[in-house]
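>>> Turn this into a structure:
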Amino acid sequence: MIDIGFIGLGTMGRPMAGHLLAAGHRVLLHDVAPVSPELIAAGGIACKSGKEVAEEADAVIIMVPDTPHVEAVLFGKDGVASGISKGQIVVDMSSISPLATKEFARKIEALGADYLDAPVSGGEVGAKAASLTIMVGGPERAFGTMRPIFERMGKNVTHVGANGDGQTTKVANQIIVALTIEAVSEALLFASKAGANPALVRKALMGGFASSRILEVHGERMVKRNFDPGFRIELHQKDLNLALEGARALGLSLPSTAVAQQLFSSCTAHGGKGWDHSAMVRALELMAGHEIAAA
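The predicted model follows:
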């Protein structure tokens, strides 16, 4: 059983690392904040730096918010790259730039280690339930080694191609999620404004072709006014920025993605960057002068 380093123990990383400890792995832990006592009690070993984690682990997993954070973890002072050895595997499970990912992979591979980009979908609920979807880019041999580890954290694990392809898949996922949240928001707002009960409309739609995981989970959030974050608006904005920047580089137009980003920006302007991304509905409600729960 391989020793695993885990860097980034926030909303997603903490339960993910917990599953690896529960599976019996020796897990080396590092975060900008003190390591959770629960993880230490479960057998986790706190390390002072990414370098120390890399020196002790066979594979190092990173789960941090954005591209600059991954770069700092890898190549900053006492970073992972300064402690990495030939034959090790570095796995970035954050959601970051596909272009930056390719550059990070080249640098790590130059040190003799393999690099996988393995972003996830499923949010805090999926992290806690070990039911994440994991989209992996990088060498097949490294994927083969890490697959049993991924399966401790997720249920749908797919090797989608070379380095950067995992991140590209995640960006595509985030486009679909944002546009589906927008569609559910508009539908429930329309129904409520027309005088229908939005909770019953949602229940009816769950039995038809419009049914989706977002209608099920986020539609319920909208009706019950529960916008405590599972996945924060500011993080989804970051992902849509990656989509729109990539589209510009590719010469593509993504008009609906741009609209979804503007709705998130409206929420942010009203103090909602920390709201759950299902709160996109609040931007539409502000324009309508109506809340869906008012029916």
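>>> What ranges in the chain fall below the confidence cut-off?
Low-confidence segments of the chain (pLDDT under 70): 294-295.
>>> Okay, domains of it per the record?
According to the TED database, the chain comprises the domains 3-162, 169-288.
>>> Distance from the chain centre to the shortest one, please.
Per Cα atoms, centre = their mean, to the nearest Å, the displacement of domain 169-288 from the mean C-alpha position of its chain is 16 Å.
>>> and what of the first one?
If you compare the mean C-alpha spot of domain 3-162 with that of the full chain, they lie 13 Å apart, counting by Cα atoms, centre = their mean.
>>> Quick one: residues contacting L235.
L235 makes contacts with P65, S95, H277, as judged by Cβ atoms under 8 Å, 6 or more residues apart in numbering. Any C-beta I mention is one placed from the backbone N, CA and C, and that applies to glycine too.
>>> From those residues, pick the one nearest V73.
Closest approach between the contacts of L235 and V73, by Cβ to Cβ: P65, at 10.9 Å.
>>> returning to that earlier point: now, of the domains of the chain, which is deepest in the fold?
Comparing the domains of the chain by mean neighbour count (mean count of other Cβ atoms under 10 Å), domain 3-162 ranks first with a mean of 20.
>>> got the contact list for stretch 246-266?
Contacts of stretch 246-266 (Cβ under 8 Å, 6+ apart): 98-99, 168, 171, 175, 178-179, 181-182, 233, 236-237, 240-241, 243-244, 277, 280, 283-284, 286.
>>> try it again with 6 Å
With contact meaning Cβ atoms under 6 Å, 6 or more residues apart in numbering, stretch 246-266 is reached by I175, A178, L179, E182, I233, Q237, L240, A243, M280, A283.
>>> Now it - C-alpha only, CSV.
The C-alpha coordinates for stretch 246-266 follow below in CSV (Å, rounded to 0.1, in the frame of the first residue of the first chain):
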residue,chain,number,x,y,z
GLY,A,246,-9.9,29.2,-23.5
ALA,A,247,-12.7,30.1,-26.0
ARG,A,248,-11.0,33.3,-26.9
ALA,A,249,-7.7,31.5,-27.5
LEU,A,250,-9.5,28.9,-29.7
GLY,A,251,-11.6,31.5,-31.5
LEU,A,252,-14.9,30.2,-30.1
SER,A,253,-18.0,32.0,-29.0
LEU,A,254,-19.7,30.7,-25.8
PRO,A,255,-22.6,33.2,-25.4
SER,A,256,-24.6,31.3,-22.9
THR,A,257,-21.5,30.7,-20.7
ALA,A,258,-20.9,34.5,-20.8
VAL,A,259,-24.4,35.1,-19.6
ALA,A,260,-24.1,32.7,-16.8
GLN,A,261,-20.9,34.4,-15.7
GLN,A,262,-22.6,37.8,-15.7
LEU,A,263,-25.4,36.4,-13.5
PHE,A,264,-22.7,35.1,-11.1
SER,A,265,-21.1,38.6,-11.2
SER,A,266,-24.5,40.1,-10.3
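>>> Cheers, nothing more for now.
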